[in-house]
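Enquirer: need coordinates for the below:
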Amino acid sequence: MVWWATLTLLCLVSVSAQPITNIGPIVSLDFDHNGTTDLQYSSAASKIFDLPEDWLISFGIEPWGNSRFVRATGSRLQFLRGESINMTRRALTNYLPDPPLPPSESYGVLILYYRAIKKQNWEFSTKIPAFEGESELLIGLRLSLMTGTHHGWMRLTRPVIDSHTQFDLVDYAVHPVPNEPIPAGQPPPLPPIQTQMDSESLTLSWDARWGPLILESTTNLVPPITWENFVEGSGDPVAVPTEDEQRFYRLRQP
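Expert: So this is what the prediction gives:
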């Protein structure tokens, strides 16, 4: 089951003196529905020397608590579709210089950071290179939730590739079972069906940690295949009568 989060779209403040309208949190995600934010995507904008025509603008995503982003490789943060997000992947840690104090740690990801100057038209320049050449980002997650450490991903896209077009959060998923891997950009694999047969019936069950799933059946696997809903449940044993005809079963996400 894809473990969907509680998604909170927060109120946005419109500011007409700059080329963006989103200031502060854009989306907050609560994956385990405990009322606490697990991940936040937000923007910030500040005037330079209080000049209304000169702005620094940034977009970033930040995990909360003990949650972390994970790297796809040693040199690449974003994952390719289908790559495994698992315990062997290194967590992202950025060390920020803080002289004369020791460097501090940051676990957030800066997606865009640019300067906007209003002359005849708004002019944009990248301040810190981030993902100005990407149209899609698949970011791996290692979330510290009430039930343990869960792996997941978030996908951000934008229609135009340039240094100031905002990414939109369009999709995300978290594996419902702690410490299990999840393929980037895809739902977690459904659990296998466990079977037990006696003289009168066949008993089917599956791992209840996936939550409610739909058990479907069909009499053959020759296309076109017609699957019929048999029962919806959370893994409790389901007894089906033994029949003369063959029958196949599968699980489906509701």
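Enquirer: how long is stretch 165-182 from one end to the other?
Expert: 29 Å (Cα to Cα, to the nearest Å).
Enquirer: equivalent analysis for stretch 112-131, please.
Expert: Start-to-end, stretch 112-131 (Cα to Cα) is 6 Å.
Enquirer: can you list the buried residues in that stretch?
Expert: Within stretch 112-131, the residues that count as buried by 16 or more other Cβ atoms under 10 Å are Leu112, Tyr113, Tyr114, Arg115, Ala116, Phe124, Ala130, Phe131. Backbone N, C-alpha and C define where each C-beta goes, glycine included.
Enquirer: same check, this time on stretch 89-104
Expert: Arg89, Leu92.
Enquirer: could you do stretch 202-212 as well?
Expert: So for stretch 202-212, counting by 16+ other Cβ under 10 Å, buried means Leu202, Leu204, Ser205, Trp206, Asp207, Arg209, Trp210.
Enquirer: tell me the pLDDT of the last one.
Expert: Each residue has a pLDDT score; the one for Trp210 is 87.
Enquirer: show me what contacts it?
Expert: With contacts defined as Cβ atoms under 8 Å, 6 or more residues apart in numbering, the neighbours of Trp210 are Met1, Pro176, Val177, Leu190, Pro191, Ser234, Gly235.
Enquirer: turn the residues you listed into a markdown table, columns for neighbour count and distance to Asn94.
Expert: Below are the contacts of Trp210 laid out as a markdown table (neighbours: other Cβ atoms under 10 Å; distance: Cβ to Cβ, whole Å):
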| residue | neighbour count | distance to Asn94 |
| --- | --- | --- |
| Met1 | 21 | 33 |
| Pro176 | 20 | 30 |
| Val177 | 19 | 29 |
| Leu190 | 15 | 36 |
| Pro191 | 18 | 36 |
| Ser234 | 13 | 40 |
| Gly235 | 19 | 41 |
